[in-house]
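Trainee: structure of the sequence below:
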Amino acid sequence: MTMKKHQLNILGLAAIAALGLSSCTGLNKMSKKEALVKYSVTPNPLEMHGDSVAVTISVNYPAKYFGKKVILNVTPECGGKKFKTVTLLGEKAIGTGTKINYKTGGSYTYTDKVFYTPEMKDADLKVTATGNVKNKSKEMPARVVGHGTIITPYLLKNDDKPIIGKDKFEKTTPQVIDGTNFFVISTSTYTPAGSMDEKKNPSIKPVKDFIAANAKNPNMRFDNMTISSYASPDGEDAANGKLAEDRFKKTSGDLKTLAKDKKNPIPGGEQDEFYKKERVEVDWNGFKSAVSASNIKDKQIILNVVGAAPDASKMQEIKNMSETYEELKTDILPQLRRSTITINATKFNRTDEQILKLARSTADSLSVEEILYAATLTTDMNEKLTFYKSAERLYPSDWRTANNVGCILLMQNKLQDAKGAFDRAAKNSANNPIIMNNQGICQRWEGDRKTAKETLEKAKSAGPEVSYNLGLIAVQDGKYEDAVGAFGANKTFNAALAKVLANDLEGALATIDASPEKEDALSYYLKAIVGARKGNKEMMINNLQTAISKDPSMKEKAKSDVEFLKYRGDSEFDNLVK
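Mentor: Numbering: from 1, shown residues only. Below you'll find the model as predicted:
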């Protein structure tokens, strides 16, 4: 025998020995009969929720299949993304793992969750396994057991609701101006210092000055005047009521005369109905207030008398306190013999046209309320931003100016610039829930959902927008019922999406059809998904066709979307997405 033949014989014997050993270990048998192993996958196809993919795989090994000394390392994977490896042991194998009986077979339930990666989007779920007996190993045939992955939650739109700091501009402003006349005791004659002459009576000056300043002002409307006339309590009760009435007539009569002044007329003041009689009475309330505020030594005694004695005898009991009454005659009673005049007028502020024109040309001439209001008069986002930037330049200490700049920048997807604006606003108003809502949006956009949620929870008092923004985070976290609750009655694409994910398919259709986004391509795409989930092929095809007609990119999206997996191979679907 030659050396070469001898070596070949040795190699052949070694191969036979290895084959025999492999056969004895049971590895070959397990490999050949791998198709007998049964797998059940839940969910199938796989689903992404909260950025993760969870899977449960139930495996059943038939009788007389699992080698007694085999150690089997099993690893599911989807699109190259591996789930955890588990070890299963033959009944005589030594190691850590679940034992599988040779004679009767056995089962194992596997669960795991991994972070979703894009390669898992449209890929087979495979199970690979390597069997080992001592120093021998064998790869088992890879087995496709499912498919991945439904990623419908990623259809979520960034329609967060930033909150603008509202202006307080009013188109009209109420004007209330008060003045007072004073009368000689028991008469309807003015005291020298209580007449309609503002030079002698400082108390009437506000009324006279307002009339002079606005009599011919086209932006001021005189609505009416109210007059309250009083008698002091020291007169006869029977006469006091008539006296107060006479004082009303005197005051209203003199105002009517003033109304005819050609230089400073009171618009509408010539008419009787312009003057409203608010109160004509003996002024015990004014008496008590004046005494309470005075330094009169016996004021508590006086107040006790006023509170306890009958009206008819109150003043007589006070007059019996001779020394005290002299103080009242000098310091208290004269100021109660009066008519109080109130001008009720309406100031008309700048018109929308005037404000918009000035905001575009001379913003410096506007108040902060007017500039903020100007931004509500235009739909042009760049112009809104210009107005808000002008407001921040002119009124930097008002938190609303920087906040509103940030809101527009956020709407323009300028995240970093928006963050800076909100930070400036927060310096002027710490812990302001409106600003915190807007900062929470920024945090979510940056991917920090945990911090965003904490920020938004603190901002709930800012308004219903906060709840909506929390709903977006709930969708991303896979908490779909919470999202539906947070979205509330909002009719938006995202609210419909949350209902789809929460398996309220009819509710989702009603919401999307009531939304302002109902004609968007993505809305029809979502309705196609609803059709697929309901098993309604006609509904799925019709809505997907409309989505593609509105946005051709939906064709490629649908082709790889596992929501439509069961329709692959259907000629109508395939023709639609090819």
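
Trainee: now do the helices in the stretch 1-150 of the chain.
Mentor: Applying DSSP state H, counting those that start in this stretch to the stretch 1-150 of the chain gives helices spanning 3-25, 27-32.

Trainee: by mean pLDDT, show me the worst of these.
Mentor: Within those, confidence is poorest for helix 3-25, with a mean of 44 (mean pLDDT).

Trainee: figure out the helix or strand that Gly478 lives in.
Mentor: According to DSSP states H and E, Gly478 maps onto no helix or strand at all.

Trainee: spit out the contact partners of it.
Mentor: Going by C-beta atoms under 8 Å, 6 or more residues apart in numbering, Gly478 touches 49-50, 52, 153. For every residue, glycine as well, the C-beta is placed using N, CA and C.

Trainee: ok, so of those residues, who is nearest Leu328?
Mentor: Among the contacts of Gly478, Gly50 lies closest to Leu328 (C-beta to C-beta), at 79.6 Å.

Trainee: isn't that closest one up against Ala474?
Mentor: No: counting by C-beta atoms under 8 Å, Gly50 sits too far from Ala474 to count as a contact (9.8 Å).

Trainee: in terms of neighbours, single out the busier of the two.
Mentor: Ala474 (22 against 17; other C-beta atoms under 10 Å).

Trainee: that one is in contact with Ala486, isn't it?
Mentor: Yes: using C-beta under 8 Å, Ala474 is in contact with Ala486, at 5.7 Å.

Trainee: now do the domain split for the chain, please.
Mentor: 9-150, 172-348 (automatic domain parsing).

Trainee: mind putting the ones you listed into JSON lines with distance to Asn503?
Mentor: Listed next are the domains of the chain as JSON lines, based on distance: least, C-beta to C-beta, whole Å:
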{"stretch": "domain 9-150", "distance to Asn503": "12"}
{"stretch": "domain 172-348", "distance to Asn503": "52"}
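
Trainee: and these: which comes nearest Lys578?
Mentor: The closest of the domains of the chain to Lys578 is domain 9-150. By C-beta to C-beta, the value is 15.7 Å.

Trainee: so what's the gap between the closest one and the chain middle?
Mentor: For domain 9-150, the separation from the chain centroid amounts to 49 Å (computed by C-alpha atoms, centre = their mean, to the nearest Å).

Trainee: so which strand or helix has the closest residue to Arg424 other than its chain neighbours?
Mentor: Counting by C-beta to C-beta, 6 or more residues apart in numbering, Ala402 is the residue found nearest to Arg424 once chain neighbours are left out, at 4.0 Å. Take DSSP H and E as the rule and Ala402 turns out to sit in helix 399-411.

Trainee: now do that helix: everything it contacts.
Mentor: Against helix 399-411 from outside (C-beta under 8 Å, 6+ apart): 160, 162-167, 368, 372, 375, 381, 384-385, 388-389, 391-392, 395-396, 417-422, 424-426, 428-429, 432, 434-435, 438, 441-442.

Trainee: ok, of the residues you listed, which come out buried?
Mentor: Buried positions within the contacts of helix 399-411, assessed by neighbour count (16 or more other C-beta atoms under 10 Å), are 160, 162-165, 167, 368, 372, 375, 384-385, 388-389, 391-392, 395, 418-422, 424-426, 428-429, 432, 434-435, 438, 441-442.

Trainee: quick one: contacts for the closest residue to Ser461 other than its chain neighbours?
Mentor: Sequence neighbours aside, Pro433 is the residue nearest to Ser461 in space, at 4.8 Å (criterion: C-beta to C-beta, 6+ apart). Pro433 sits next to 458-462, 466 when contact means C-beta under 8 Å, 6+ apart.

Trainee: where does the most centrally placed residue in the chain land in three-state SS?
Mentor: The C-alpha lying nearest the average C-alpha coordinate of the chain belongs to Glu465 (C-alpha atoms, centre = their mean; 1.4 Å). Three-state assignment for Glu465 (DSSP: H, G, I helix; E, B strand; the rest coil): helix.

Trainee: distance check, it against Leu472.
Mentor: As judged by C-beta to C-beta, to the nearest Å, Glu465 and Leu472 stand 11 Å apart.

Trainee: go on, Ala54?
Mentor: Taken as C-beta to C-beta, the span from Ala54 to Leu472 is 22 Å.

Trainee: the two: who's more crowded?
Mentor: Leu472 (25 against 17).

Trainee: any idea which helix or strand carries the more buried one?
Mentor: In the assignment (DSSP H and E), Leu472 maps to helix 464-476.

Trainee: buried stuff in that helix?
Mentor: 465-476.

Trainee: then stretch 149-159?
Mentor: So for stretch 149-159, counting by 16+ other C-beta under 10 Å, buried means 149-153, 155-156.

Trainee: likewise stretch 245-262?
Mentor: Neighbour-count burial for stretch 245-262 flags 245-252, 254-256, 258-259 (criterion: 16+ other C-beta under 10 Å).

Trainee: and what of stretch 554-571?
Mentor: Buried-residue list, stretch 554-571, by 16+ other C-beta under 10 Å: 554, 557-558, 561-565, 567.

Trainee: widest-spaced pair of those residues?
Mentor: Greatest spatial distance in the buried residues of stretch 554-571: Met554 and Leu565, 16.7 Å, computed using C-beta to C-beta.

Trainee: what is the burial count for the nearest residue to Leu89 once chain neighbours are set aside?
Mentor: Closest residue to Leu89 apart from its sequence neighbours, by C-beta to C-beta, 6+ apart: Gly97 at 4.5 Å. Number of residues near Gly97 (other C-beta under 10 Å) recorded here: 16.

Trainee: residue contacts, Ser294?
Mentor: Here Ser294 is in contact with 331-332 (C-beta under 8 Å, 6+ apart).

Trainee: secondary structure class for it?
Mentor: coil.

Trainee: where does the stretch 301-450 of the chain dip in pLDDT?
Mentor: Along the stretch 301-450 of the chain, the parts satisfying pLDDT under 70 run over 311-312, 322.

Trainee: 50 - rerun?
Mentor: Nowhere does the stretch 301-450 of the chain drop to pLDDT under 50.

Trainee: which residues in it form strands?
Mentor: Remark: strands assigned in the stretch 301-450 of the chain by DSSP state E, counting those that start in this stretch are 338-348.

Trainee: cool, the stretch 51-200 of the chain as well?
Mentor: 52-61, 71-78, 81-82, 86-90, 98-100, 106-115, 123-133, 136-139, 143-148, 172-182.

Trainee: between the contacts of Gly478, which is closest to Tyr325?
Mentor: Nearest to Tyr325, judged by C-beta to C-beta, of the contacts of Gly478 is Gly50 at 84.1 Å.

Trainee: ok, for that closest one, nearest residue in space, not its chain neighbours?
Mentor: Using C-beta to C-beta, 6+ apart and skipping residues adjacent in sequence, the residue nearest Gly50 is Gly478, 3.3 Å away.

Trainee: and stretch 256-276, how far out from the chain middle?
Mentor: That offset, for stretch 256-276, works out to 52 Å (C-alpha atoms, centre = their mean).

Trainee: I'd like the average pLDDT over that stretch.
Mentor: 91.

Trainee: who touches that stretch?
Mentor: Outside stretch 256-276, the residues within contact range by C-beta under 8 Å, 6+ apart are 196, 211-212, 215-216, 221-222, 224-227, 252, 255.

Trainee: generate the PyMOL command that creates a selection of the buried members of the contacts of Pro433.
Mentor: Filtering the contacts of Pro433 down to the buried ones (16+ other C-beta under 10 Å) takes a single PyMOL command:
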select buried, resi 459+462+466
